[in-house]
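>>> Following is a predicted model, sequence given first.
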Protein chains: 4
Amino acid sequence: MNTFGTVFRTTLIGSSHGNLVGVIIEGIPPNLEIDISNIETFLARRAPGQSKVTTRRKEKDKLIVEAGLFKQRTTGEPFVAFVRNSDVDSSYYEEIKDTPRPGHADYPAFVKFEGANDYRGGGRFSGRMTIGLVIAGTIAKQLLKQVGIDVRAYTKEIAGLESEVINTTEDYIYSEQNIVRVPDNEMIESVTNAIMKARKDGDSVGGIVECTINNLPVGVGEPIFDSIESKLSHIMFSIPAVKGVEFGSGFNAARMKGSEHNDEYFYNESQQIRTKTNNAGGILGGISNGMPVVFRVAFKPTSSIPKIQTTVNLQEKGKLESLKVRGRHDPCIVPRAVPVVECCAAIAIYDLMLQGGITTHAD
Amino acid sequence: MNTFGTVFRTTLIGSSHGNLVGVIIEGIPPNLEIDISNIETFLARRAPGQSKVTTRRKEKDKLIVEAGLFKQRTTGEPFVAFVRNSDVDSSYYEEIKDTPRPGHADYPAFVKFEGANDYRGGGRFSGRMTIGLVIAGTIAKQLLKQVGIDVRAYTKEIAGLESEVINTTEDYIYSEQNIVRVPDNEMIESVTNAIMKARKDGDSVGGIVECTINNLPVGVGEPIFDSIESKLSHIMFSIPAVKGVEFGSGFNAARMKGSEHNDEYFYNESQQIRTKTNNAGGILGGISNGMPVVFRVAFKPTSSIPKIQTTVNLQEKGKLESLKVRGRHDPCIVPRAVPVVECCAAIAIYDLMLQGGITTHAD
Amino acid sequence: MNTFGTVFRTTLIGSSHGNLVGVIIEGIPPNLEIDISNIETFLARRAPGQSKVTTRRKEKDKLIVEAGLFKQRTTGEPFVAFVRNSDVDSSYYEEIKDTPRPGHADYPAFVKFEGANDYRGGGRFSGRMTIGLVIAGTIAKQLLKQVGIDVRAYTKEIAGLESEVINTTEDYIYSEQNIVRVPDNEMIESVTNAIMKARKDGDSVGGIVECTINNLPVGVGEPIFDSIESKLSHIMFSIPAVKGVEFGSGFNAARMKGSEHNDEYFYNESQQIRTKTNNAGGILGGISNGMPVVFRVAFKPTSSIPKIQTTVNLQEKGKLESLKVRGRHDPCIVPRAVPVVECCAAIAIYDLMLQGGITTHAD
Amino acid sequence: MNTFGTVFRTTLIGSSHGNLVGVIIEGIPPNLEIDISNIETFLARRAPGQSKVTTRRKEKDKLIVEAGLFKQRTTGEPFVAFVRNSDVDSSYYEEIKDTPRPGHADYPAFVKFEGANDYRGGGRFSGRMTIGLVIAGTIAKQLLKQVGIDVRAYTKEIAGLESEVINTTEDYIYSEQNIVRVPDNEMIESVTNAIMKARKDGDSVGGIVECTINNLPVGVGEPIFDSIESKLSHIMFSIPAVKGVEFGSGFNAARMKGSEHNDEYFYNESQQIRTKTNNAGGILGGISNGMPVVFRVAFKPTSSIPKIQTTVNLQEKGKLESLKVRGRHDPCIVPRAVPVVECCAAIAIYDLMLQGGITTHAD
């Protein structure tokens, strides 16, 4: 299946060095307004070459919308949008196609597709495929915002350097103003330095993105298989380089006692039911409980590093090769992954809302 | 959606205090042999009352197969099986239905289903729903085993007490012989004591289950949305009480360098391509790479604890209540969750194999 | 796929001579009232042995509801219901299992399932599987009725003897009062005689069922693949013995001119938009247009006839056999098919309404 | 749902007067060869302006393939192809947007999409959407042909003038050589004249397309909901203007006796099991039985006619309007519908083969 979602359905098309990368989105209700320039803004947040901590590859990533809008409003038909691949040099991939890069999908993809897959630039396993996720996610974010729901992601940790997050509203805005997307003034310099050092060493570093969803109504999510956690983790693990996902107190919950972990209820001043703590991360039994949904996503260090590595030759049994991965790669993918996590969260949550019959636009 | 899977499709039916809990399984290929007594063995591994560290509730959990088999072989029709609920006393749930238990789905479920859901015993949010997962998973495990694939889970950690796992084959067998399912001789007593102490304190503890899938062919998993990680995490987060899932080096990967994390390739003595390390947990680009698939699942401490907690009264705005959750609950769900994780892994992996056209039975 | 529907999802379980036949229904909104005795009434309309024109087989067809209701209202969980197979004698099917009956699925099923399918009583190809359709359809009919939509089927033609239908409301009630379900007083005797003669001759006859859906709101149905015609024909052709489906003027439309066929619009006395004629059968572009939806379903004559027929021996290449199909079979399936068509129509329409976000119950 | 198919999944994109019309196809196995020029040939068979009996509208319908191929072979990724809309004049549709054309989807679409749908040129309800079906269907036809399966359609009847079909192989080739696609030499002139007369009268005529699928293996199709008839009728009724579908003896079966209708089995000279007659149209219990699959599709006369018709004004309650539909329309859609029926049949059959695990390409 190339599609995520039950009602709001996102299908990714294209590949890294093919004609284009993009998305088909089904299930957007008709007669809603979509802000195209806002999608372009989000694509720029994801784009390469945006700062000194990212790859120097320059793609213009010009958004083309081919179907789904009429007089600036949604028509109910599938929404089709993509960007064309421009700054592409595939010659290197012809050169290394028999020596699979460690940490990349090259080898299992070669076996799975009998060598017929488009291996150039990583093909469909490239981070470039997330462009489609950003387009769909920005639309989902817009539609969620129309009913007051906010989705926000930021860098929680890079190279082991953790940021403290106190107020997701302000911290989010702050993190959008620095190139490492750290919500903590104190940490910007050290995080930036850690990335720059990895680049200088021909190496890479990983990190953790945290995401918060505010104002989600109670009752979003379905019992058992379409729990919020199931849907969010499903799409998060579709982002290249993700190795872990946790909600609320997450892996730490495994070390807590029930009496510590359970969040007690109270009525707030607006007579709304809330919990005193939020170890559940806003989710009980897979369903939203009125508290902010909070989760973290762990990214491994970028696989493409200039350091020499050992690999096999696919065409000669038993033969090893030394491989130096060339090209312009991010020494840390986390800053560019922040908007992708945010977009993926919006896709999953908006789909669950439509699936649950919870209208997301004013009538 | 109440169904997991694309080809091998698992639908859970029933609820904790309704007539039955069970499963409909579609997509089992015809003409395969199924061992029913093996399913019963697995149900016993999951069953309450199996040892001093579990709840004292006694359910016979007698398996009834109603459709899908003819002369001991699969027919190609939907497989229908369930167990009837017997040791059920619902009176307590009528008593507390307006005072949602902290850490349970009571409150969001009440809002979502307009009070019409069967709240007795937690309804569909009960751990008892995992009986259907165990039935489906045991069948998947049997069919995977017919082509040499082994799925094994064990207790990695309880109450912060971690077990060392050296050889998943032997350790798995060992862990099946002790009541806490710990694969480490040294840890059995301390882990057991930690659980018994929690019970005595009217409290509960959490833990981590690890699972290993051996001999999976290269090429299982689909690009992007149906990655192995996406599918496995999706079903893992459908198990009640799960708060985190990580693959290979997991959250630790976020603190590693690319040069440490990348697994270098080599040819083994059978001229098979393998990696020297397994930080990837057997998965690259969402596809199996020939190494063991390894992942960990974090369980929160059991929500149902005898300690007095504060909650709200759903019928009277502003009113708080003191709640003492009665009943026979597990002080730690982890030992009984071990076979559930194993079964869920088998369901997801077998579905991906069928989806990818990889035959799992000898022709 | 064993499931029909996108939101209101019907999955049939069991087989003719297995333990049971029944249905799992997903997607019924929670908190709706369901009348169980009404389902039993419909099962009796479908049941064998109900009159002299049907098979003499007597099945009690006692409805068992196992899940999905709590305090007489829907819970939002999958609805599980079935009837147990009682009046079953499978010995004959063992006898003929190598000599496929002409007009039956025996031979292609044998090839498809490698002989592993439950062939007794036709297995999943038996008309008995329509019990699940009747259960699901009666529920859909009830929920449609709560918002004023009526689904009605009747015998349009048997053995070439056509009934005139003038007023679907009155004619429907009338057809429910005679054993051949003919809405035309003049035709009852001749139709009954034609069936009785076929029985006497050891032969069978076919016929046509017409169905009318009144008060469907404008806008039900989706463009292209989920057109009303696509969905209705899909489920109609799932009923055993159906060989043709047509809407409005149907095959006759192929012989009309555009100026005759187009239905012109006008405003009725309530200022509603209606058409003067209804050649479209209430559907334009796959979407309901406010006129009654009208369609016809052609049933072939019952395949099981006592007359001697020639067939092959599956175990001996080249060998022919004379076969006399024994057992108690309907000389004409049409009267019992009438409620099945009605139920299937309700299933498809209710699903389309939920899919289109058109609420079917008063809020 | 905008998608047809379970494994080979066809999603239509675009609209009549939008940027483009096209298709996304998922589930094509990797490493198969696709002949692009053959798709172009089929698009020309469907294209307007191809003869004097079709509309004079001239669209170049230049095929653009954007994704899914690499070095002329399929990659396993979604196949994306479309044609751009060129010969478009939308001004007329602005003029008539408040006066729905009789026989068109204008009115129900207006209600369904709250006026937000792209109504120009009929939007998604236009026959132009079948371009995507032709692209997908030609690919399916190619892949079916690689394993010896042939799908062939031809004009069975236009304006009540029926053609005799004796040998589908030769007759098909013959029908491809005349502009009305009639497989009967004697009928070409009278059929052509009937269409030309309708055009001269400012009117239109309908007809019937017959389709034959040869060499389909036994066992294709699934029990109950995914019967061959269910799947074929589903996609046939997605083609604009279709009002009826029948298989084998079809509606005529309703007037036959069982002893006439049942097809008796025999062993042919190659010791294959075949039936003496083919009233079943090659399908028993929804599954292929080794005989040619035969079905007929009824098309209503083109709705767009120059004759003056009465309609309503959507903006003024109670007001009627006289409408003269302008533009260049086909006086009979049947000749251009022939390749569309053929393509849709190939899509449904190829999907059923993949769903049933029946490989369609040599290994």
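Structure's in. What do you need?
>>> Helices of the stretch 101-250 of chain A, start to end?
Listed in chain order, the helices of the stretch 101-250 of chain A (DSSP state H, counting those that start in this stretch) span residues A:106-112, A:130-145, A:168-175, A:188-200, A:228-236.
>>> weakest of those helices in terms of mean pLDDT?
With a mean of 91, helix A:168-175 has the lowest mean pLDDT of the helices of the stretch 101-250 of chain A.
>>> That one - contacts with which helices or strands?
Helices and strands touching helix A:168-175, by 3 or more CB pairs under 8 Å, 6 or more residues apart in numbering or on different chains; DSSP states H and E, are strand A:150-158, strand A:207-214. Any C-beta I mention is one placed from the backbone N, CA and C, and that applies to glycine too.
>>> Give me the contact list for the last one.
The set of residues that contact strand A:207-214 without belonging to it, under CB atoms under 8 Å, 6 or more residues apart in numbering or on different chains, is A:149-159, A:162, A:165, A:168-169, A:172, A:282, A:292-299, A:332, A:334, A:337-338, A:341-342, A:345, A:349, B:251, B:254.
>>> Can I get the buried ones among the residues you listed as something I can paste into PyMOL?
The PyMOL command for the buried members of the contacts of strand A:207-214 (criterion: 16 or more other CB atoms under 10 Å in any protein chain shown) is given here:
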select buried, (chain A and resi 149+150+151+152+153+154+155+156+157+158+159+162+165+168+172+282+292+293+294+295+296+297+298+299+332+334+337+338+341+342+345+349) or (chain B and resi 251+254)
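>>> most packed of the helices of the stretch 101-250 of chain A?
Highest mean neighbour count among those (mean count of other CB atoms under 10 Å in any protein chain shown): helix A:228-236, with a mean of 28.
>>> which residues does A:Thr310 contact?
Contact analysis of A:Thr310 by CB under 8 Å, 6+ apart lists A:Pro102, A:Leu320, A:Glu321, A:Ser322, A:Leu323, B:Glu264, B:Tyr265, B:Phe266.
>>> Kindly recompute the last result at 6 Å.
A:Leu320, B:Glu264 (CB atoms under 6 Å, 6 or more residues apart in numbering or on different chains).
>>> Tell me what it is bridged to.
Beta-bridge partners recorded for A:Thr310 (DSSP bridges): A:Ser322.
>>> Now for A:Ile287, how many residues are close by?
25 (other CB atoms under 10 Å in any protein chain shown).
>>> and what of A:Arg326?
Residues near A:Arg326, counting by other CB under 10 Å: 11.
>>> Need the helices and strands packed on helix A:168-175 in a markdown table (columns: mean pLDDT and distance to B:Pro217).
Output for the helices and strands packed on helix A:168-175, formatted as a markdown table (pLDDT from 0 to 100; distance: least, CB to CB, whole Å):
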| stretch | mean pLDDT | distance to B:Pro217 |
| --- | --- | --- |
| strand A:150-158 | 97 | 35 |
| strand A:207-214 | 98 | 32 |
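>>> what's the closest of the ones you listed to C:Thr277?
strand A:150-158 (52.2 Å; CB to CB).
>>> Give the pairing partners of the closest one; include direction for each.
Counting by DSSP bridges, strand A:150-158 is paired with strand A:161-162 (antiparallel), strand A:207-214 (antiparallel).
>>> Pick the most buried one from these.
By mean count of other CB under 10 Å, the strands paired with strand A:150-158 have strand A:207-214 as the most buried, with a mean of 25.
>>> That one to helix A:168-175, inter-axis angle?
Using axes from the mean of the first three to the mean of the last three CA atoms, to 10 degrees, the direction of strand A:207-214 lies 140 degrees away from that of helix A:168-175.
>>> who's in contact with the closest residue to A:Leu284 other than its chain neighbours?
In this structure, A:Leu284 finds its nearest non-sequential neighbour in B:Ala105, 4.8 Å apart by CB to CB, 6 or more residues apart in numbering or on different chains. For B:Ala105, the contacting residues are A:Leu284, A:Gly285, B:Phe125, by CB under 6 Å, 6+ apart.
>>> quick one: least confident of the residues you listed?
Within the contacts of B:Ala105, pLDDT reaches its minimum at B:Phe125, with 93.
>>> So that residue is in contact with A:Gly285, correct?
Yes - here B:Phe125 reaches A:Gly285: they are 4.0 Å apart, a contact under CB atoms under 6 Å.
>>> Tabulate the helices of the stretch 101-250 of chain A in JSON lines, adding columns for distance to D:Glu222.
JSON lines is the format used below for the helices of the stretch 101-250 of chain A (distance: least, CB to CB, whole Å):
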{"stretch": "helix A:106-112", "distance to D:Glu222": "26"}
{"stretch": "helix A:130-145", "distance to D:Glu222": "32"}
{"stretch": "helix A:168-175", "distance to D:Glu222": "49"}
{"stretch": "helix A:188-200", "distance to D:Glu222": "54"}
{"stretch": "helix A:228-236", "distance to D:Glu222": "27"}
